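Student: Dropping a prediction and its sequence here:
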Amino acid sequence: MNSFLLPKALREKDEHGNYGVWWHENNPGPLKKLPFISQFGSMKFSKVRIDDSMRPHLNDGIEIHYVNSGKYDWVIEGREIELLPENLSVTAPWHENGSISGIMDIGQINWIIIKPAEFSKNIALELGNWSKLSKNFQQNLGEMIGDANNAVLEKAKNFKKYFDELRNELAFQEEGFEIKVQNILENLFIDLHRHLSNKIHKNQESDHFIERLTQLLQADLTKKWHIEDLASEFNMGKTKFTYEVKKLTGFPPNSFIISLKLEKAIELIKENSTINMAEIAFVCGFSSLQHFTSTFSQRNGISPRKYQIQQQKKRK
């Protein structure tokens, strides 16, 4: 935090060794003149502390967090995530979010809660009279914020400047600071719209990539693919291809191929509970029955034969 830019009173550490600003309902400070902002905080924690207000919660506005430093174990709509430096999270009023245990680790985090005039699952986002952003822009932004899958942006360091500017405008309250804050927020929302749009586009491309890869592999599970050849099918080098597959599936390419083979094996057993194991091994592209048995057992915690017996009992 650029603490030297703040008034002296805001640079002093509290009894916990932390410093910064936090304006809210019980301590509104400059927010009295900005009723569409229900909270603003920018805190540097030098010691780990418990803060019940940071536990998973709902609020009446769009909640945005930006991490300068440290690591925060967060949960958004039941999904556990790590908020790391240069990460930004944004949630809608109906998204439960917060620190899993209420623990605020050593580091620096910023947050703001903006209360729209209208915004719910069934009502389009309308920021209010303070904003000059178009109705269509606000509606599109609201749709993206309303999808919890878009809640976290990584490598979002350009948002740091907005929180720095907001903190200093609110702290010093110089002439016309209300207008400056409105302008900063509009620029923040424009950047947020662009980042969310790019993220959604990349996710769609990623989904298409995995879908194409899956179809290619499932077309002939017995084919012995070289990773270089697979990569060339997508106009990628081996390194980039391996990185993309692992990032999107959690498996390196060869392990992903094995997963598809095992999925097919399970499908065959469920369709025909008397099918021969050697036949499944061949159809699914395993080099031998022993290889199939050991791989199936390792991944599923049960041998394929025992799994088949389970399925036979279920049919009776």
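Tutor: Received the coordinates, thanks.
Student: what's near enough to touch L213?
Tutor: When contacts are counted by CB atoms under 8 Å, 6 or more residues apart in numbering, L213 touches L230, F234, V245, F256. Where you see a C-beta, it was placed from the backbone N, CA and C, and this is true even at glycine.
Student: switch the cut-off to 10 Å
Tutor: Contacts here follow CB atoms under 10 Å, 6 or more residues apart in numbering; on that basis L213 touches L230, E233, F234, F241, E244, V245, L248, T249, P253, F256, I257, L260.
Student: closest to G29 among these?
Tutor: L248 (44.9 Å; CB to CB).
Student: among the contacts of L213, who's most crowded?
Tutor: V245 (25 neighbours; other CB atoms under 10 Å).
Student: ok, the closest residue to that residue other than its chain neighbours to Q204 distance?
Tutor: Ranked by CB to CB, 6 or more residues apart in numbering and with sequence neighbours excluded, the top spatial neighbour of V245 is P253, at 4.9 Å. As judged by CB to CB, to the nearest Å, P253 and Q204 stand 22 Å apart.
Student: And the pLDDT at N97?
Tutor: On the pLDDT scale, N97 is placed at 94.
Student: one step back: could I get the contacts of L213 in a markdown table, plus columns for secondary structure and distance to L221?
Tutor: As requested, these are exported to a markdown table (DSSP: H, G, I helix; E, B strand; the rest coil; distance: CB to CB, whole Å):
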| residue | secondary structure | distance to L221 |
| --- | --- | --- |
| L230 | helix | 14 |
| E233 | helix | 16 |
| F234 | coil | 19 |
| F241 | helix | 19 |
| E244 | helix | 21 |
| V245 | helix | 17 |
| L248 | helix | 20 |
| T249 | helix | 16 |
| P253 | helix | 14 |
| F256 | helix | 12 |
| I257 | helix | 8 |
| L260 | helix | 7 |
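Student: Dump the residues you listed to JSON lines, plus distance to D147 and pLDDT.
Tutor: As requested, the contacts of L213 are exported to JSON lines (distance: CB to CB, whole Å; pLDDT from 0 to 100):
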{"residue": "L230", "distance to D147": "31", "pLDDT": "94"}
{"residue": "E233", "distance to D147": "31", "pLDDT": "92"}
{"residue": "F234", "distance to D147": "27", "pLDDT": "92"}
{"residue": "F241", "distance to D147": "29", "pLDDT": "95"}
{"residue": "E244", "distance to D147": "23", "pLDDT": "91"}
{"residue": "V245", "distance to D147": "25", "pLDDT": "94"}
{"residue": "L248", "distance to D147": "19", "pLDDT": "89"}
{"residue": "T249", "distance to D147": "22", "pLDDT": "91"}
{"residue": "P253", "distance to D147": "30", "pLDDT": "95"}
{"residue": "F256", "distance to D147": "27", "pLDDT": "96"}
{"residue": "I257", "distance to D147": "31", "pLDDT": "96"}
{"residue": "L260", "distance to D147": "28", "pLDDT": "96"}
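Student: Show me the helices in the stretch 101-250 of the chain, by range?
Tutor: Remark: helices assigned in the stretch 101-250 of the chain by DSSP state H, counting those that start in this stretch are 135-146, 160-172, 177-218, 227-233, 238-249.
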